[in-house]
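Student: Take this sequence and fold it.
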Amino acid sequence: MDLIKIGKLAKSASEELSKLNTDTKNKILLESAKALLENQENILMANKKDVQEAIKKEIRNAFIDRLTLNEKRINEMTQGLEEISRLDDPVGQYIQNKTLPNGLIVGQKRVPLGVVAIIFESRPNVAADAFGLCYKSGNAVILRGGKESINTNVAIVNVFRDVLRKNNLSENMVQIIMDTSREVAQELMRLDEYIDVLIPRGGVALIETVVKNSTIPCIHTGVGNCHIFVDEFYDVKKAVDIIINAKTQRPGVCNAAEKLLIHEKIADDFLPTIGKELLERKVEIRGDKITLEKIIGAKEATEEDWSTEYEDYIMALRIVKDLDEAIMHINKYNTKHSEAIITENYSNAQKFLNEIDAAAVYVNASTRFTDGGQFGFGAEIGISTQKLHARGPMGLKELTTTKYIIYGNGQIRQ
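Tutor: Numbering: from 1, shown residues only. Sure thing, here's the model as predicted:
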């Protein structure tokens, strides 16, 4: 596969895309949303083929859940594109404007990043989200999905390329790499002459590989070892509802809760309650000594458990003596993704918000809300867990950079 050719085509397409006005971009997004629905049958057939292959290989259920599309999920992809079309276009926005003593007018203007490459694993909805957000923010996008979802990804991307072609625009504003081998992925990571930003979306192994091998600036996304801490000043109904939602609604996603910390003063009362609720939903519980005493059927947690992202019906429980110990534990083991406290105490809530080091920190709400769509971005390019440039769900604004615009009237530097 000629990646240099793909890079050149993307660079050229990005220059064309950067000149499009907002109305044109919104028109394409709405037509793309409509085309997804019109091609729903073809997409589902391609996805069925991918899912059947995954089942044959006995890939775990959480992975297959992320891979599987249905009418509801395609509708969500469609709605995401429609929502993006309604959002303000960040390209061309002025952030600040000031006049210096010498009369120079200095401002900052938002501009596209250029060419964005995304390496992702099983979730085919990433292809739609990536196209919509990159297109609206003026960036060409190169997609490299996993081999398990290749048929679905190609079907989705072909829909968008067809819409672009019918509107006399370069179809290379979105490209997909057909070769899913590691060798091609490694080569893509070194295509810095043509790609401006590389975003890996997937597990720890993928992200570590990209960070270690890429010569392109990277944005780390995705890994979520997320915690919930139940404070001594808690509402039991809120606690149960939030924990069950965060763990079991979709356990295979990065914003699902993996760890539960409980204040020692409520352990006797709350452990049997939450243990019963989790076990009824087939969640395997791994815990410390107190957890094992209070929950029949729980397994002993190892040191490795505290740093593991399960992406499955597994949750590790630990009893802590106070809020300070909970914060210390979370900051030691978390992946800077999403963390939550359940408390009715204002001071404890504020302390948790201030001292937890994560992209999203919650009080009395499920970690499952860390999502571009839920935050009003229409979709997301990923959840950034780093601190430079972008952090948290990445929407349109995070896919732009700035340049300084300076107006003068003949000034020269003395």
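
Student: ok, which stretches of the stretch 151-300 of the chain are strands?
Tutor: Secondary structure of the stretch 151-300 of the chain (DSSP state E, counting those that start in this stretch): strands at 174-176, 197-201, 226-230, 257-263, 284-287, 299-300.

Student: for the last one, what is the average pLDDT?
Tutor: Along strand 299-300, the predicted confidence averages to a pLDDT of 96.

Student: Over to the fourth one?
Tutor: Across strand 257-263, pLDDT averages out at 98.

Student: Each with direction, which strands does that strand pair with?
Tutor: Here strand 257-263 is paired, per DSSP bridges, with strand 226-230 (parallel), strand 314-320 (parallel).

Student: Quick one: low-confidence residue ranges for this structure.
Tutor: Scanning the chain for pLDDT under 70 picks out the ranges 1.

Student: and it, what are its domains?
Tutor: Here the domain parsing of the chain from automatic domain parsing is 3-221+381-407, 226-369.

Student: Figure out which of these is closest to Gln414.
Tutor: Nearest to Gln414 among the domains of the chain is domain 3-221+381-407; the distance by CB to CB comes to 9.2 Å. C-beta: built from backbone N, CA, C; applies to glycine.

Student: what about the closest one, start to end distance?
Tutor: End-to-end distance for domain 3-221+381-407: 40 Å, by CA to CA, to the nearest Å.

Student: oh, and call the first residue 53 from now on, that's how I've got it
Tutor: Happy to do that; since the first residue is 53 now, the last one works out to domain 55-273+433-459.

Student: Can you give me the neighbour number for Val262?
Tutor: For Val262, the count of nearby residues is 24 (other CB atoms under 10 Å).

Student: What segments of the stretch 103-252 of the chain are helices?
Tutor: Along the stretch 103-252 of the chain, counting by DSSP state H, counting those that start in this stretch, helices occupy 113-119, 123-138, 177-188, 202-218, 234-240.

Student: CA atoms of the fourth one as CSV?
Tutor: The C-alpha atoms that make up helix 202-218 are tabulated as CSV, following Å, rounded to 0.1, in the frame of the first residue of the first chain:
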residue,chain,number,x,y,z
ILE,A,202,-12.4,-3.6,8.2
ASN,A,203,-15.5,-4.4,6.1
THR,A,204,-17.7,-2.1,8.2
ASN,A,205,-15.2,0.7,8.1
VAL,A,206,-14.9,0.5,4.4
ALA,A,207,-18.6,0.5,3.9
ILE,A,208,-19.0,3.6,6.0
VAL,A,209,-16.1,5.5,4.5
ASN,A,210,-17.3,4.8,1.0
VAL,A,211,-20.6,6.4,1.8
PHE,A,212,-18.8,9.7,2.7
ARG,A,213,-16.5,9.5,-0.3
ASP,A,214,-19.4,9.1,-2.6
VAL,A,215,-21.2,12.1,-1.1
LEU,A,216,-18.0,14.2,-1.6
ARG,A,217,-17.6,13.0,-5.2
LYS,A,218,-21.2,13.8,-6.1
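
Student: for Lys455, helix, strand, or coil?
Tutor: strand (DSSP: H, G, I helix; E, B strand; the rest coil).

Student: which residues does the nearest residue to it once chain neighbours are set aside contact?
Tutor: Leaving aside its sequence neighbours, Lys455 sits nearest to Val163 (CB to CB, 6 or more residues apart in numbering; 5.4 Å). Val163 sits next to 70, 143-144, 190, 452-455 when contact means CB atoms under 8 Å, 6 or more residues apart in numbering.

Student: Now with 10 Å, please.
Tutor: For Val163, the contact set (CB atoms under 10 Å, 6 or more residues apart in numbering) comprises 70, 142-145, 189-190, 452-455, 457.

Student: Out of those residues, name the two that are farthest from one another.
Tutor: The span of those, defined through CB to CB, is set by Ser189 and Ile457 at 18.5 Å.

Student: Of those two, which one has the most company?
Tutor: Using other CB under 10 Å as the criterion, Ser189 and Ile457 rank with Ser189 on top: 28 against 13.

Student: May I have the phi/psi pair for the nearest residue to that one once chain neighbours are set aside?
Tutor: Excluding its sequence neighbours, the residue lying closest to Ser189 (CB to CB, 6+ apart) is Leu451, at 3.9 Å. Backbone torsions for Leu451, taken as degrees, to the nearest 10, come to phi -100, psi 20.

Student: Leu451: neighbouring residues, count only.
Tutor: The number of residues packed near Leu451 is 27, by other CB under 10 Å.

Student: ok, it touching Cys186?
Tutor: Yes. Taking contacts as CB atoms under 10 Å, Leu451 lies within contact range of Cys186: 6.3 Å.

Student: Can you tell me who the closest residue in space to Ala353 that isn't next to it in sequence pairs with across the strands?
Tutor: Closest residue to Ala353 apart from its sequence neighbours, by CB to CB, 6+ apart: Arg338 at 4.1 Å. Note on Arg338: beta-bridge partners by DSSP bridges are Lys351, Ala368.
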